[in-house]
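>>> 3D model of this:
(chains A and B)
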Amino acid sequence: MHEGVSKGLIFDIQGHSIHDGPGTRTLVFLSGCPLRCAWCSNPEGLVLQPQLMYKPRLCKDCPARCVPGCPKGAARQSENGGSHILFDRVLCDSCDTMECVKVCYMRALQTSGKWYAVDELMRLFNRDRCYWGPEGGITLTGGEPLLQQEFVLNLLARCHDAGIAACVETSAYVPRTVLLAALPCIQWLFIDLKHMDSGRHRQGTGVPNELILDNLRWISRTNWPGRLVVRTPVVPGFNDTVANAEATAEFLAEIGLSEINLLPFHRLGASKYGQLGMSYEYAEQPAVGQEALEALAAVYREKAITCHLGSDTPF
Amino acid sequence: MTRTLAEVLEQSGIPIRLQVGGKAPDAVVDREVSKEPCPRAKKLRDLYFQTLSSATNEFPYWYTRKYSELEGEIPVVRRAAALKEAFSHLTPTILPGELLVMGKAHYYRGSFPMPWLSEGYYMAKEDELYKAALSKGSSSVDELSKFGSGGGNVTQTFGNVVSIAGKFGMRREEIPALLHTAREWAGKSVDDVGHKYEQMVPTYPMKEAIMRSIVCMFDSGYTLPQGREVINYYYPLEYGFDGLLQMAKEKKAEVAGRADGDGLVGMNRLYNYQAVILILEGIQNWIMNYAKEARRLADFESGPQQKQEYQEIAQRLESVAHNKPTTFREAIQMIWTVHVAVLNEDAISGLSPGRVGQVLYPYYEQDKAAGRITDDEVLEWMQLQRVKFTCIDCFASMGVVGGVLSGNTFNNLSLGGLTKDGRSAANDLEKLIIEAAIRCTSTQPTLTVLYDDKLPEDFLLKATECNKTGTGYPAWVNNRGAIDFILNQYGPEGMTVEEARALAIGGCLETSPCSWLPLHLNAKEYWIPGGSGQPTSVGVHFISLPKVLELVLFDGIDQRTGQPVYSPHGKKLESYEEIVAVFQDYFRKTVDCLTTSNNIQHDIWRKQNMAIFNSLLKPDCLLNGHLIHELGYRYNGTYNVESCGTVNLVNSLAAIKKVVFEDRATSLEEIKQALRDNFGFKTASEVGSFSLADQEKKEESGKWDYIHYLCLTAPKYGNDDPYADTILKGWENWFCRMCHDYESLNARPLYACQISVSTHAPMGMATIATPDGRLAGTTFADASLSAYPGTDRNGPYALFESATVWDHSLSQNSQMNLKLHPTAVAGMQGCKKLLALTQAYMRKGGFHIQYNVVDSKMLRDAQQNPDNYRDLMVRVAGFTQYWVEIGKPIQDEVIARTEYEGV
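Just a heads-up that it's a prediction; the model follows:
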């Protein structure tokens, strides 16, 4: 299934984004992530494999062709929900033909994730670049964009040669060698720092934070000329404490970084959990209030760290 | 069991309410840019919101009376005398607080029928109207308030008010006079006489069938024979009415009894100048009646400020009635007076004021320098002008005003563009005009930026800020593309590059030829732009392209009515090329048949109902002595062929080509059956709704599911997919060029005009399901280059790529409507990015783009009608989702956040 260096699995491409780097940008969402953050807003990008998305809203007035259509018998009609379908996701995960999608004439079943060659993306970028304006470019995000390393390094090098400015939004939970190879082709780096306490970090994301902190320390010591902005998703009950903000601010000051972007938790990805047959721990979690954000921002500003809230990072 | 979408959603735990009552209020709450009008404009605009469309019989009564007296007079003089009589008898009304005065009729939103164009409607409704006029009437306050709260339309008779043409209220006691006047015109109106002669065209029976099947919706010659053009204010500004009278009298003496080498119409110049003199006198009388009314009000007024305002109004009008204006205030009164006078002369929609900021600039510049006016005062006047423009109602038949125009009058004000010598024409007054439109949001005048790379950044950012009011204006038009079109079309009539730069948009999006004329003010010369062409969007109105395709597939038989429209082609349609060839053949027949009958209607119009006042304003009628009916205008090749449903046609052709002839996944016969069976859905009229959201399946057998799936998943325009885009390019190249093969009554070639206005709804209603998967009776894609809702899945850049595969300057226009969420353009950064997007589209050769920056009121509506908002996107940091795919709780959250971001 993995198509290796020549192709990369991408679950979304969006033109005209203005929140993830300077100018207007084309966003590329790469599949696969080593982290498992329970609040993640892009659950379809967690694994490096095309995902079956099921939209009950479109599933109507149909004799359920997907039920006999699945050679593994993974689909069955729900007993109380009319024509609505239940999927055995364990069986689905081992499927690479997705016969059910082919017979769903209502288009309630779709795949998320498509393999792209570098050339295909370059054609797209060259099409889009006239819309970006002088400051714009591409932003690679995900998932973890640096996970499909050969592919992404190849893509970044091609962009570099073509004079296309690249921004990468990463967890930094990647080998130093990958960062080392990628940095010369990147003008802008967003690094997510989710918790300063490694134990808590592991609880929330499934991995400890040492590699991330080391990478941050290392980048800040290199003479890489780009701009690095640390981003923290403010997740209620996980990292929205003053203590964590203080620890983060101290760390940033220690390694010589002077700005952070706090992103309030939102539930915009909730419907996608349903479509993937996953449950969402944060389905009922209310959004973070402006007051709580301001309180955290005050902690950073106290330590002379510039703190941008939400989408107001000046580019 | 059949289920509506609503029920399906209900079962999915996402309940929605599908219907909201009535029209959303004009004012939006949650705009990033939201300011209040000045108190004076606010009061007058509030009055507008509370006022109903009101018709009066005053103008037609005096016109008809005079016209009848003058049996045997030369037609142009007879008409001018009738117009003079009517103008001289209009009752003036001036409201407290007004500075800019005069209106179409004595009601605030007043207008009147013109039975000399078409009287059939009143005759047909005579019994009904009489009954309404004679009945006691309940005079119920409940009824009154019901209509009051539904906007200004009087859709039903109530109390002492009789509803006519589905929109206008007329006092019961005026109805007998209305009917009497209408009867006078039976057999003589443009409609009646035109109808007599159009029947002599051999293809007339086909024309009847075309109109009945709604392949085309409207006749051109007697509905709104003028408009979609740019007015020219130059002559009254340069000479004043006394000066123009003097000129006409001198010219009359010069040409009396002389042919001057023109044996055909040379002698007519005498009568034309006589007509010009009569109408100028009528307009002077009309202005002076307002002046007298202002004096009368001043005498009664006890408040010192209001008294002084009435006196100043009187002084301004007394001056404007005779002299050329010398101040900004006089000049803006003059152009408004001239504008209303043209609107009263004929049934007109889309009389664009043109580049007002450049026309008024000389007065602004000199008054500012002399300390006679401040920017704040100019802002107030520009807001008052907006309210005045918004009060304009256009009286025409219900079908035209409702079905095509949605009640809009399209007084489009253009900004920017280039000067005569090719520099940026944007100025400080234009920035104030934009600011006035931001503060006093209203439907008229709508704004258009003539985008040119030479326009300065501060001006462009100001215009972009205005987009964020959520009003949808300004629209952005490609100035260079427009120049190319103008040169192509009017080059043979002498258009030069320099003159092409004077262009402006007439009506909603009609690129119109204009000219530069030298205005003199205090010994300084200014070249100001103004219209110099005949009306556009006349000729062949809106041809429903998907309907023509239906007739191709079904051998000329209308599948809605079962009636034949075209003679059977008898072809088996065994290849895609054969389908295209038959389509082209039917389309040519349609254009030929409609052109000939419309030419006759317009010819009757110009022989009996010619524009006299509008003509004398346009170069070079006053100088050459020929009015519109003798091609006295500088540019006369303005007639066009309009299309509707382009994208549904392109997607349908793509589906047929791919599914039937390439993949051979099904046969054309199967598709035809599926179309006839509406893909297994009930018809829209059975369901009782024309919105996609409400469409219901007939049964769950799923007989047509596979074919519907094939049709829906075939290549679609708007995705940077060469498959569909090549078909669009082929269509445009053929259509834009074939129009030139037909000529108007002015013996000039027709051209393509590609705006749907509102016709994509009624035309969709009359068309069965289409091979692109669209269901019977539902609305077509709007405009000509907007994607069909939900089918553009690759974002705006891909859409722009698809849209610009063809040369837009082949056509008078193309149209692109784009919805943006306010967060996508928030703040100054957002303004810059929105501007960058616009510029990129323009540089790629896109002709027009306009933005709906969606507010939360729309989002709330979107919650209730999700399928109408299929293409609406919400963007947040790192994550974007289609609105309709987000659950309601989250939608509520986004609505709340949007309001927060709007502070």
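>>> now do the contacts for the closest residue to chain B within chain A.
Nearest to chain B in chain A, going by Cβ to the nearest Cβ, is A:Tyr105, at a distance of 3.3 Å. For glycine as for every other residue, the C-beta is placed from the backbone atoms N, C-alpha and C. Contacts for A:Tyr105 (Cβ atoms under 8 Å, 6 or more residues apart in numbering or on different chains) come out as A:62, A:65, B:702, B:705-706, B:708-709.
>>> which one of those residues is nearest B:Asn614?
Lowest distance from B:Asn614 to these (Cβ to Cβ) belongs to B:His708, with 51.3 Å.
>>> is it correct that the closest one is in contact with B:Asp677?
No: under the criterion of Cβ atoms under 8 Å, B:His708 is not in contact with B:Asp677, lying 10.3 Å apart.
>>> what segments of the stretch 1-150 of chain A are strands?
Chain-ordered strands for the stretch 1-150 of chain A, with DSSP state E, counting those that start in this stretch as the definition, fall at A:7-17, A:25-30, A:51-54, A:75-77, A:85-87, A:109-112, A:114-117, A:137-142.
>>> so is the first one next to chain B?
Yes: contact between strand A:7-17 and chain B is present through A:13-17 (criterion: Cβ under 8 Å from any Cβ of the partner chain).
>>> rebuild the residues you listed as JSON lines, extending it with pLDDT and neighbour count.
What follows is the residues of strand A:7-17 next to chain B, written out as JSON lines (pLDDT from 0 to 100; neighbours: other Cβ atoms under 10 Å in any protein chain shown):
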{"residue": "A:Ile13", "pLDDT": "93", "neighbour count": "20"}
{"residue": "A:Gln14", "pLDDT": "89", "neighbour count": "22"}
{"residue": "A:Gly15", "pLDDT": "84", "neighbour count": "21"}
{"residue": "A:His16", "pLDDT": "83", "neighbour count": "26"}
{"residue": "A:Ser17", "pLDDT": "81", "neighbour count": "24"}
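>>> for B:His708 and B:Asp677, work out which one has more neighbours and name it.
Taking neighbours as other Cβ atoms under 10 Å in any protein chain shown, B:His708 and B:Asp677 compare with B:His708 leading, 22 against 16.
>>> please, which helix or strand holds the more buried one?
Per DSSP states H and E, B:His708 falls inside helix B:705-713.
>>> could I have that helix exported to PDB, CA atoms only?
Extracted as PDB, the C-alpha positions of helix B:705-713 are listed here (Å, rounded to 0.1, in the frame of the first residue of the first chain):
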ATOM      1  CA  ASP B 705     -29.500   5.300  -8.600                       C
ATOM      2  CA  TYR B 706     -26.600   4.000 -10.700                       C
ATOM      3  CA  ILE B 707     -27.300   6.300 -13.600                       C
ATOM      4  CA  HIS B 708     -27.800   9.300 -11.300                       C
ATOM      5  CA  TYR B 709     -24.500   8.400  -9.600                       C
ATOM      6  CA  LEU B 710     -22.800   8.300 -13.000                       C
ATOM      7  CA  CYS B 711     -24.200  11.700 -13.900                       C
ATOM      8  CA  LEU B 712     -23.300  13.200 -10.600                       C
ATOM      9  CA  THR B 713     -19.800  11.900 -10.600                       C
END
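>>> which positions in that helix come out as buried?
B:705-712 (16 or more other Cβ atoms under 10 Å in any protein chain shown).
>>> mind checking which helix or strand B:Tyr122 is in?
Taking DSSP H and E as the definition, B:Tyr122 sits inside helix B:120-124.
>>> chain center to that helix: distance?
25 Å (Cα atoms, centre = their mean, to the nearest Å).
>>> name the next helix or strand downstream of that helix, please.
Using DSSP H and E, the helix or strand that follows helix B:120-124 in sequence is helix B:126-134.
>>> about what we covered before: tell me which of the buried residues of helix B:705-713 is nearest to B:Lys572?
Nearest to B:Lys572 among those, with distances taken as Cβ to Cβ, is B:Ile707, at 19.8 Å.
>>> which residue is the nearest non-sequential neighbour of the closest one?
Take B:Ile707 and drop its neighbours on the chain: the residue closest to it by Cβ to Cβ, 6 or more residues apart in numbering or on different chains is B:Ala674, 4.5 Å away.
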